[in-house]
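*Asks:* I would like the atomic coordinates for the input below:
(one chain, ligands or ions: 1)
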Amino acid sequence: MTILEKILQTKRIEVKQLLMEECVVSCETLPKRPSLFETLQKSHQLEVISEMKRASPSKGMIAGNTDPVAQATAYEQAGAACISVLTDSTFFKGSFDDLASVAKAVQIPLLCKDFIIHEVQIDRAKQAGASVILLIVAALDDMTLQRLHNYATNQGLEVLVEVHDAKELGRALAINAKLIGVNNRNLKTFDVDLAKTEEVAKHFPFNENRVFISESGIMDAGDAKRAAAAGASAVLVGESLMRSASVEDSLRSLQVPKAGVPL
Ligand SMILES: O=C(O)c1ccccc1NCC(=O)[C@H](O)[C@H](O)COP(=O)(O)O
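*Replies:* Numbering: from 1, shown residues only. Here you go, the predicted model:
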């Protein structure tokens with residue numbers, strides 16, 4: 001069984017629990033956040049979606065004692081375009097409570113990073129204050145992908161659609177996804193290779209209606225330049241920022257010019 005299959009198995013159980021539970025996270029109304037799509041489209045630099053990531057299946061514990069509010073506030077102050085909060089508890093040691101706390105502390109776009117297979121998870125993400133949700137093409141059949149994409153969009157949420165190869169890119173484009181991310185991590189071997197971003201970019205129809213994002217394995221400015229050269233508008237970064245002694249220096253070093261924009 002692959003790690004994605006194992007994660008999805010736990011998600012099916014979690015969905016059953018969520019369907020039975022009352023909303024236990026904060027449901028208070030928060031001010032509307034700026035659009036991630038518009039932020040990325042307008043910017044002339046590679047933007048950073050900065051992730052709150054305590055642990056992962058590939059690395060085990062990364063930063064187990066990190067306070068999500070302090071981390072997210074540091075990201076926002078350092079110029080992140082968006083905060084990503086991993087809400088999965090079993091494999092990433094995150095929670096919807098983390099998301100709700102961060103939502104109250106930051107004003108920028110907020111991504112609920114989870115393995116979404118059902119509408120109830122989208123409801124929970126919205127209630128906790130997310131403005132963006134993630135849909136992973138590899139985790140969903142075409143009908144479910146379309147249905148969840150429509151559901152989230154109708155709820156006023158933006159959707160980051162994650163792909164791993166050109167075939168999955170075709171499925172993302174078929175539902176007219178505007179925010180498309182290539183995950184550089186192989187979910188079977190955990191190998192991270194930015195060549196995935198470069199390969200998928202060759203098939204990406206770059207235009208004003210969609211933005212291209214590179215996810216995972218971005219460790220330094222060299223990786224950021226590589227993603228930008230491939231046409232990325234943003235990078236999604238977890239581990240290297242979580243381990244950094246200076247979030248500000250590390251994050252700013254990734255904000256390189258976008259491809260085609262002179263220095
Ligand atoms: O990070 C993992 O080990 C992982 C394993 C299986 C499925 C997903 C996984 N990560 C989720 C992510 O997409 C990353 O947290 C995100 O892209 C940031 O990656 P990184 O900068 O390499 O921490």
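*Asks:* in the protein, what spans have low per-residue confidence?
*Replies:* 23-28, 261-263 (pLDDT under 70).
*Asks:* switch the cut-off to 50
*Replies:* Applying pLDDT under 50 to the chain picks out no residues at all.
*Asks:* residue boundaries of the helices in it?
*Replies:* 3-20, 36-42, 68-77, 96-105, 119-127, 142-154, 166-174, 195-201, 221-229, 239-243, 247-254 (DSSP state H).
*Asks:* orientation of the fourth one relative to helix 3-20 in degrees?
*Replies:* The reference is to helix 96-105. With axes from the mean of the first three to the mean of the last three Cα atoms, to 10 degrees as the basis, helix 96-105 and helix 3-20 are set at 80 degrees to each other.
*Asks:* in helix 96-105, which residues are buried?
*Replies:* Judged by neighbour count (16 or more other Cβ atoms under 10 Å), helix 96-105 contains these buried residues: F96, D98, L99, A100, S101, V102, A103, A105. Any C-beta I mention is one placed from the backbone N, CA and C, and that applies to glycine too.
*Asks:* packing partners for that helix?
*Replies:* Packing partners of helix 96-105 (3 or more Cβ pairs under 8 Å, 6 or more residues apart in numbering; DSSP states H and E): helix 68-77, strand 82-86, strand 110-113, helix 119-127.
*Asks:* do the first one and the ligand meet at all?
*Replies:* No - looking at helix 68-77 against the ligand by Cβ under 6 Å from any ligand atom, there are no contacts, and the closest approach is 12.9 Å.
*Asks:* helix 96-105 and that helix, what's the angle between them?
*Replies:* Angle of helix 68-77 versus helix 96-105, following the same axes, to 10 degrees, is 40 degrees.
*Asks:* residues touching helix 68-77, excluding its own?
*Replies:* Residues from elsewhere that reach helix 68-77 (Cβ atoms under 8 Å, 6 or more residues apart in numbering): 50, 52, 83, 85, 98, 101-102, 105-108, 241-242, 247-248, 251.
*Asks:* angle of it against helix 247-254?
*Replies:* Using the same axes, to 10 degrees: helix 68-77 against helix 247-254 is 40 degrees.
*Asks:* what inclination does helix 68-77 have with respect to strand 82-86?
*Replies:* With the same axes, to 10 degrees defining the directions, helix 68-77 sits at 160 degrees from strand 82-86.
*Asks:* buried residues in helix 68-77?
*Replies:* P68, V69, Q71, A72, T73, A74, Y75, E76.
*Asks:* now render the helices and strands packed on helix 96-105 as CSV, adding distance to F37.
*Replies:* Listed next are these as CSV, based on distance: least, Cβ to Cβ, whole Å:
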stretch, distance to F37
helix 68-77, 19
strand 82-86, 10
strand 110-113, 12
helix 119-127, 17
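*Asks:* hmm, F91 is touching S56, no?
*Replies:* Yes - when contacts are counted by Cβ atoms under 8 Å, F91 is listed as touching S56 (7.1 Å).
*Asks:* report the buried members of the contacts of helix 68-77.
*Replies:* Among the contacts of helix 68-77, those buried by neighbour count (16+ other Cβ under 10 Å) are 50, 52, 83, 85, 98, 101-102, 105-106, 108, 241-242, 247, 251.
*Asks:* show me the contacts for the residue of the stretch 151-263 of the chain found nearest the ligand.
*Replies:* Residue nearest to the ligand within the stretch 151-263 of the chain: G238 (2.9 Å; Cβ to the nearest ligand atom). By Cβ under 8 Å, 6+ apart, the residues touching G238 are E51, K53, S56, I62, S84, L86, S216.
*Asks:* ok so, going back, the more surrounded of F91 and S56?
*Replies:* Neighbour comparison, F91 and S56: the larger count goes to S56, with 21 against 16 (by other Cβ atoms under 10 Å).
*Asks:* count of neighbours near K32?
*Replies:* Neighbourhood size, K32 [other Cβ under 10 Å]: 9.
*Asks:* state the distance from it to the ligand.
*Replies:* Taking Cβ to the nearest ligand atom, to the nearest Å as the measure, K32 and the ligand are separated by 26 Å.
*Asks:* just give the closest residue to that residue, not the sequence neighbours.
*Replies:* Counting by Cβ to Cβ, 6 or more residues apart in numbering, K32 lies nearest to S131, which is 7.8 Å off, once chain neighbours are set aside.
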